[in-house]
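Chemist: can't give you the sequence, but here's the structure:
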């Protein structure tokens, strides 16, 4: 199961980062940039829990730190995404699945705001005032709006893929865990098809600075 998680997480992170840098960052939208990478981290954290969420967040953030055209100190995204992944993973219920889209929706919105504030806060500590110069309020509003619009098409899909890997007979820890993941996968797939509302934002956070 660990290998399945690693392979899926690495694949999704790389794809998200490529799309973020080559497509979303070039849209020239006002304010922040839609943060596909953050949404992938959230989707994985909501399924895997806080420990794996922190690891996934750190890995995704570190990759974002070194990927061109990064113009900030290495480690800023790694720290921010690590904390966001950990916090999002804490919302995972004991049953392993959310009964509605309400909690994930709140998680994504909170992550959009939290990641923007954390990135700006860390930047202030290292002497980077780009967030304040760009207008922190505007970044918070646009990051949240963009990610809330993008999330329904990404987070449920990421969660469904993660749960499918969890219920793989070769990777499942137990029959009970596999059954729970199966039910969660069906729910995530249903959420995606119904277009239930989700959302959150950031490289969007930093990319828009």
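Modeler: Sure, I can see it. The structure presented is a predicted model; accordingly, all values stated were derived computationally and were not measured. Numbering: from 1, shown residues only.

Chemist: CA atoms for contacts and neighbours, from now on please.
Modeler: OK.

Chemist: in which helix or strand would I find residue 58?
Modeler: Here residue 58 sits within helix 50-66, counting by DSSP states H and E.

Chemist: Touching that helix from outside, list them.
Modeler: Contact partners of helix 50-66, identified using C-alpha atoms under 8 Å, 6 or more residues apart in numbering, comprise 9, 13, 17, 37, 41-42, 44-46, 70, 72-90, 92, 203.

Chemist: again, 6 Å this time
Modeler: Residues from elsewhere that reach helix 50-66, judged by C-alpha atoms under 6 Å, 6 or more residues apart in numbering: 41, 45, 74, 77, 78, 81, 82, 85, 86, 89, 90.

Chemist: So among those, which ones count as buried?
Modeler: In terms of neighbour count (16 or more other C-alpha atoms under 10 Å), the buried residues within these are 41, 45, 74, 77, 78, 81, 82, 85, 86, 89.

Chemist: in the helix or strand that contains residue 5, what's buried?
Modeler: Per DSSP H and E, residue 5 falls inside helix 2-22. Residues of helix 2-22 classed as buried: 4, 5, 8, 9, 12, 13, 16, 17, 18, 20, 21 (neighbour count, 16+ other C-alpha under 10 Å).

Chemist: nearest spatial neighbour of the fourth one, skipping sequence neighbours?
Modeler: Taking C-alpha to C-alpha, 6 or more residues apart in numbering as the measure, residue 9 lies nearest to residue 56, with 7.0 Å between them; neighbours along the chain are not counted.

Chemist: so where's this protein uncertain?
Modeler: Residues of the chain meeting the criterion pLDDT under 70: 70-71, 96, 128-134, 168-209.

Chemist: So which residues of it form helices?
Modeler: Secondary structure of the chain by DSSP state H: the helices cover 2-22, 36-48, 50-66, 76-89, 102-125, 130-134, 136-150, 155-166, 175-194, 203-207.

Chemist: winner for burial among these?
Modeler: Of these, the one with the most neighbours on average (mean count of other C-alpha atoms under 10 Å) is helix 36-48, at a mean of 29.

Chemist: quick check: angle from that one to helix 50-66?
Modeler: For helix 36-48 against helix 50-66, the angle by axes from the mean of the first three to the mean of the last three C-alpha atoms, to 10 degrees is 170 degrees.

Chemist: quick one: helix 36-48 to chain centroid distance?
Modeler: Relative to its chain's centre, helix 36-48 lies at 4 Å (C-alpha atoms, centre = their mean, to the nearest Å).

Chemist: Please apply the same query to stretch 66-81.
Modeler: Its chain's average C-alpha position is 15 Å from that of stretch 66-81, according to C-alpha atoms, centre = their mean.
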